[in-house]
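Q: structure here, sequence nowhere to be found:
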Ligand code: NAI
C-alpha cells in the first residue's frame with residue numbers, strides 16, 4: 001500500500017471474534033491498528049499478533065459506553081499511533097430475553113454499548129477525520145435489525161445504528177468521511193457460542209441448524225465480515241456512503 005494510504009484505525013471490541021479478525025485484516029492492509037476493548041488482556045493478544053507479523057498496533061482497555069474512557073482512549077491512540085481516521089464500531093453485547101422478562105438493565109446495557117458507544121466513539125474520532133479531510137466509519141449492525149424474537153433491545157439498537165450510519169454519512173460527507181454499516185447474519189464467534197450454551201444446544205448443532213436456513217448453506221466466519229469492513233475502509237470506497245451491507249450468505253434487508 002502507498003504510504004499516503006496508510007492510516008490509523010480503531011477497532012472497538014477487537015479482542016475477539018469479528019473485531020479481532022477486522023483488526024488483523026486492517027493491519028494486513030497496511031494500517032496501524034488500535035484494539036479497544038473492555039478486555040484489555042485479550043485486546044493485547046490481538047495487538048501482539050499484529051506486531052508479530054510486522055505491523056503497528058496498540059491495545060487499549062476501555063468501555064465504549066463511558067464518555068471519559070472514550071476520550072482517554074482516543075487521546076492515547078493519537079499519542080501512540082497517530083490521529084485515527086478509520087473507526088470500526090464493533091463492540092457489542094447480548095442481553096436476550098422475551099419482552100415480558102427483559103429488565104430495564106438489559107435494555108440499557110445493550111443501548112449503552114451499541115448506540116451510546118458508537119455515538120461517543122464517532123463523536124470523538126470525527127475531528128481527526130475532518131482535520132485530515134478523510135475518514136472511514138463502519139458500524140456493526142446485524143440481520144437482527146430486521147426483527148428477531150427475544151432481542152427487542154438488540155434489534156432496536158442494531159436498527160438504530162442504521163439510522164445513525166445514514167445520518168453521519170449526510171453530515172460528514174463534505175469532509176471526505178464515508179460512513180457505512182455492515183449487518184452480519186450468523187457468524188461463529190464467542191457471542192453465538194454463548195447463545196448456544198444459554199439455550200442448551202451444542203455449538204456444532206446450533207451452527208448446523210443456522211446453516212440450513214442460509215442460502216449458501218454455511219454460517220459465516222469472522223473473516224467474512226472483516227473482508228466487507230475492509231472494503232468500506234479502503235481508499236476505493238470513497239463514493240459509497242450511508243449504505244447497509246448484509247453479510248449473511250443470502251439476501252436480506
Ligand atoms: P464477541 O462477543 O465475540 O466480541 C465482542 C467484543 O466486544 C468482546 O471482546 C467484548 O469484550 C467487547 N465489548 C463488549 N462490550 C464492550 C464495551 N462496553 N466496551 C468495549 N468493548 C466491549 O462478539 P462478535 O460476535 O465478534 O460480534 C462483534 C459485533 O458484531 C457486535 O457488535 C455484534 O453485535 C455484531 N454481530 C455479531 C453477529 C454474530 O453472529 N456473531 C451477527 C451480527 C452482528
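A: Okay, I see it. Values in this document were obtained by computation on a predicted structure and should not be read as measured data.
Q: alpha carbons only for contacts and neighbour counts from here, please
A: Noted.
Q: if I pick residue 217, what's in contact with it?
A: Contacts for residue 217 (CA atoms under 8 Å, 6 or more residues apart in numbering) come out as 211, 249.
Q: tell me the contacts of residue 23?
A: So residue 23 contacts 11, 14, 33, 34, 35, 46 (CA under 8 Å, 6+ apart).
Q: what of residue 184?
A: Contacts of residue 184 by CA under 8 Å, 6+ apart are 140, 141, 142, 143, 225, 246, 247, 248.
Q: residue 245 contacts residue 182, doesn't it?
A: Yes: in this structure, residue 245 is within contact of residue 182 by CA atoms under 8 Å, at 4.8 Å.
Q: what ranges does the stretch 101-250 of the chain have for its helices?
A: For the stretch 101-250 of the chain, applying DSSP state H, counting those that start in this stretch gives helices covering 104-110, 117-132, 152-172, 190-198, 203-212, 222-233.
Q: nearest to residue 69, out of these?
A: Within the helices of the stretch 101-250 of the chain, the stretch nearest residue 69 is helix 117-132; the backing value is 9.9 Å (CA to CA).
Q: so how far is that closest one off the chain centroid?
A: Here helix 117-132 is found 15 Å from its chain centre; the criterion is CA atoms, centre = their mean, to the nearest Å.
Q: show me what it is packed against.
A: Packing contacts for helix 117-132, counted by 3 or more CA pairs under 8 Å, 6 or more residues apart in numbering; DSSP states H and E, involve helix 67-80, strand 86-89, strand 135-140.
Q: can you add mean pLDDT and distance to the ligand and give those back as TSV?
A: TSV is the format used below for the helices and strands packed on helix 117-132 (pLDDT from 0 to 100; distance: least, CA to the nearest ligand atom, whole Å):
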stretch	mean pLDDT	distance to the ligand
helix 67-80	98	9
strand 86-89	99	7
strand 135-140	99	5
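Q: now those as a markdown table including mean neighbour count?
A: Below are those laid out as a markdown table (neighbours: other CA atoms under 10 Å):
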| stretch | mean neighbour count |
| --- | --- |
| helix 67-80 | 17 |
| strand 86-89 | 28 |
| strand 135-140 | 28 |
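Q: will you turn these into CSV that also has distance to residue 233?
A: Listed next are the helices and strands packed on helix 117-132 as CSV, based on distance: least, CA to CA, whole Å:
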stretch, distance to residue 233
helix 67-80, 18
strand 86-89, 7
strand 135-140, 5
